[in-house]
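just a sequence and a predicted model for now, questions to come.
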Amino acid sequence: HLFQERYHSQPIDSEGYFLSALVYIHNNPVNANMCKDPSEYRWSSFNAYYGAKDPLINVEQAYAIAGSKAALQNYFATVDDSPGNDLFFDIHQNTNHFLTDETALDIFKSVTKMKSISETAKLNRIERNTYIKTLRQKRLTAKQVARVMDVSLSTVKRICKMDL
């Protein structure tokens with residue numbers, strides 16, 4: 001997943017790779033079980049490629065590379081960004097240094113007994129803070145905790161410092 005490593009850089013040296021990377025990036029929240037569809041992830045530019053207005057996103061270059069808006073949307077629907085796809089082989093490699101986002105999500109579900117990240121919005125502050133501290137104790141990175149608890153990284157850091 002995109003969030004699995006601290007940093008990963010891969011030159012985009014062809015139009016095909018650009019389009020595949022675009023799909024891969026938009027599917028990361030789905031692959032991490034953070035949402036069911038890329039359009040549901042609130043920090044994604046995915047909806048801009050389907051007509052939603054976003055002044056920060058220039059969709060025209062992607063449309064031009066794909067050939068048209070419809071062609072790009074078809075590409076989104078058909079490209080394979082799974083771990084078996086050789087194009088993304090090195091991105092999907094696991095390391096022993098950090099928990100994968102899939103493992104982090106499993107730990108989140110085990111600790112909180114919640115089925116979805118969206119349920120964290122119903123927690124009161126004390127419950128939320130307790131879960132944040134527990135997840136950090138279970139070796140999730142602060143960034144992973146922020147993602148699964150749907151809070152900012154600074155909130156996670158502040159809560160974890162409270163007991164020091």
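That came through, no problem.

surely residue 38 and residue 25 touch.
No - using CB atoms under 8 Å, residue 38 makes no contact with residue 25, being 9.2 Å away. Just so you know, the C-beta spots here come from the backbone N, C-alpha and C atoms, and that holds for glycine as well.

those two: which is more packed in?
The residue with more neighbours, out of residue 38 and residue 25, is residue 38; 21 against 15, by other CB atoms under 10 Å.

ok, the more buried one - contacts?
26, 27, 29, 30, 44, 46, 76 (CB atoms under 8 Å, 6 or more residues apart in numbering).

please report how far it lies from residue 147.
Distance of residue 38 to residue 147, given as CB to CB, to the nearest Å: 15 Å.

now do the same for residue 20: helix, strand or coil?
helix (DSSP: H, G, I helix; E, B strand; the rest coil).

where's it relative to residue 46, distance?
15 Å.

before we move on, which element is the most centrally placed residue in the chain in?
The centre of the chain sits closest to residue 29, judged by CA atoms, centre = their mean, with a distance of 3.6 Å. Here residue 29, judged by DSSP states H and E, is contained in helix 15-31.

swap in residue 43?
Residue 43 belongs to no helix or strand, assigned by DSSP H and E.

and it, how many neighbours does it have?
Around residue 43 there are 7 residues (other CB under 10 Å).

need the pLDDT of it.
Per-residue pLDDT puts residue 43 at 90.

what of the one 5 residues further on?
For residue 48, the model assigns a pLDDT of 92.

what number of residues lie near it?
With other CB under 10 Å as criterion, residue 48 counts 16.

so which strand or helix has residue 130?
Residue 130 belongs to helix 125-137, assigned by DSSP H and E.

and residue 11, helix, strand or coil?
Applying three-state DSSP: residue 11 is coil.

what's around it, how many residues?
6.

please apply the same query to the one 3 residues further on.
Neighbourhood size, residue 14 [other CB under 10 Å]: 10.

ok, now residue 124?
So residue 124, with other CB under 10 Å, has 7 neighbours.

and if you look at the one 3 residues further on?
Applying the criterion other CB under 10 Å, we find 12 residues in the vicinity of residue 127.

do the one 10 residues further on as well
One way to gauge burial is a neighbour count; for residue 137, by other CB under 10 Å, it gives 10.
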